[in-house]
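Undergrad: coords please:
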Amino acid sequence: MEADANAHPHDVEKQLALFKALSETNIQPGYDLIINRWERMTEFVRPLLDTPECYSLTLDPADS
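TA: Below is the predicted model of the structure:
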């Protein structure tokens with residue numbers, strides 16, 4: 001799934017699917033990878049973040 005998201009960096013659905021899968025692992029390395037990818041996206045893929053899908057994505061481990 002990560003390779004697919006890497007191959008399609010501007011595909012919102014693929015990025016969100018990866019974030020969701022990583023968050024559902026409920027382990028710190030998954031959250032760390034989400035944070036790392038999110039930080040890179042804010043630097044290089046700004047238009048991707050300006051979508052309603054991304055605004056609705058919230059990751060709060062306390063909700064798990």
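
Undergrad: C-alpha only now, for contacts and for neighbours.
TA: Noted.

Undergrad: Next, L16: secondary structure please.
TA: helix (DSSP: H, G, I helix; E, B strand; the rest coil).

Undergrad: For the longest helix along the chain, give the mean pLDDT please.
TA: Using DSSP state H to define each element, the chain has its longest helix at helix 28-44. The average pLDDT within helix 28-44 is 84.

Undergrad: C-alpha coordinates for that helix, PDB please?
TA: C-alpha atoms of helix 28-44 as PDB (Å, rounded to 0.1, in the frame of the first residue of the first chain):
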ATOM      1  CA  GLN A  28       3.800   4.100  17.400                       C
ATOM      2  CA  PRO A  29       5.800   3.300  14.300                       C
ATOM      3  CA  GLY A  30       2.600   3.600  12.200                       C
ATOM      4  CA  TYR A  31       1.900   7.000  13.800                       C
ATOM      5  CA  ASP A  32       5.500   8.100  13.200                       C
ATOM      6  CA  LEU A  33       5.200   7.200   9.600                       C
ATOM      7  CA  ILE A  34       2.000   9.200   9.200                       C
ATOM      8  CA  ILE A  35       3.700  12.200  10.800                       C
ATOM      9  CA  ASN A  36       6.700  11.900   8.600                       C
ATOM     10  CA  ARG A  37       4.700  11.600   5.400                       C
ATOM     11  CA  TRP A  38       2.400  14.400   6.400                       C
ATOM     12  CA  GLU A  39       5.400  16.700   7.000                       C
ATOM     13  CA  ARG A  40       6.800  15.900   3.600                       C
ATOM     14  CA  MET A  41       3.400  16.500   2.000                       C
ATOM     15  CA  THR A  42       3.200  19.900   3.500                       C
ATOM     16  CA  GLU A  43       6.500  20.800   1.900                       C
ATOM     17  CA  PHE A  44       6.000  19.300  -1.600                       C
END
